[in-house]
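A.B. asks: Here is a sequence with its predicted model. Questions after.
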Amino acid sequence: MEKTKQIRKQLGELFRSQNLAALSTHHGGQPYASLVAFYATDDLKHIYFATPKTTRKYANLTADGRVAVMVNSSANRASDFHQAISVTAIGKAKDVEGADKKPILGHYLTKHPHLEDFVRSPTCALVGVTIDSYFLVKNFQNVMELHLDS
């Protein structure tokens, strides 16, 4: 149980310290990666991002909601191999709509206030990923897993 608590703490610290994530979708078996500004909930059950509805990533995730989201603390230095941490979250993505959208959007904009006009555009979707599992990598090869109950 202590290991799970440690992983959760490291994930929370990483998510608070980073603004961008790599989102992986797929279409016809071909992977596709995109950079997104994200917000993660404190309970680690959801990661949210915004995207125009006209993007390839949006078309991919609406066709098949299975996605991966990767966040890391690297600074593109040799020391990253031993100091940076990286996490890949696996889950299902879908649009956030209705009564749920306003409070989530508020949290998202607290983290990314410079994106308000973008996010409030009628052509922009707020997307939520319900996380199934996290894979945390430290010290280049130390992998820890955290599986969430859906």
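C.D. replies: It's in.
A.B. asks: State the next helix or strand along the chain beyond the strand ranked longest in the chain.
C.D. replies: When the chain is parsed with DSSP state E, its longest strand is strand 124-138. Moving toward the C-terminus from strand 124-138, the first helix or strand encountered (DSSP states H and E) is strand 142-147.
A.B. asks: neighbouring contacts of that following strand?
C.D. replies: By CB atoms under 8 Å, 6 or more residues apart in numbering, the surrounding residues in contact with strand 142-147 are 3-4, 7-8, 11, 44, 132-138. C-beta coordinates here come from the backbone N, C-alpha and C atoms, glycine included.
A.B. asks: If any of those residues are buried, put those into a ChimeraX selection.
C.D. replies: The buried subset of the contacts of strand 142-147, as determined by 16 or more other CB atoms under 10 Å, is captured in ChimeraX by this line:
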select :7,8,11,44,134,135,136,137,138
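A.B. asks: and the two most separated of the contacts of strand 142-147?
C.D. replies: 132 and 138 (20.9 Å; CB to CB).
A.B. asks: For the longest strand of the chain, enumerate the helices and strands it packs against.
C.D. replies: Judged by 3 or more CB pairs under 8 Å, 6 or more residues apart in numbering; DSSP states H and E, strand 124-138 is in contact with helix 2-17, strand 46-52, helix 56-63, strand 85-95, helix 101-111, strand 142-147.
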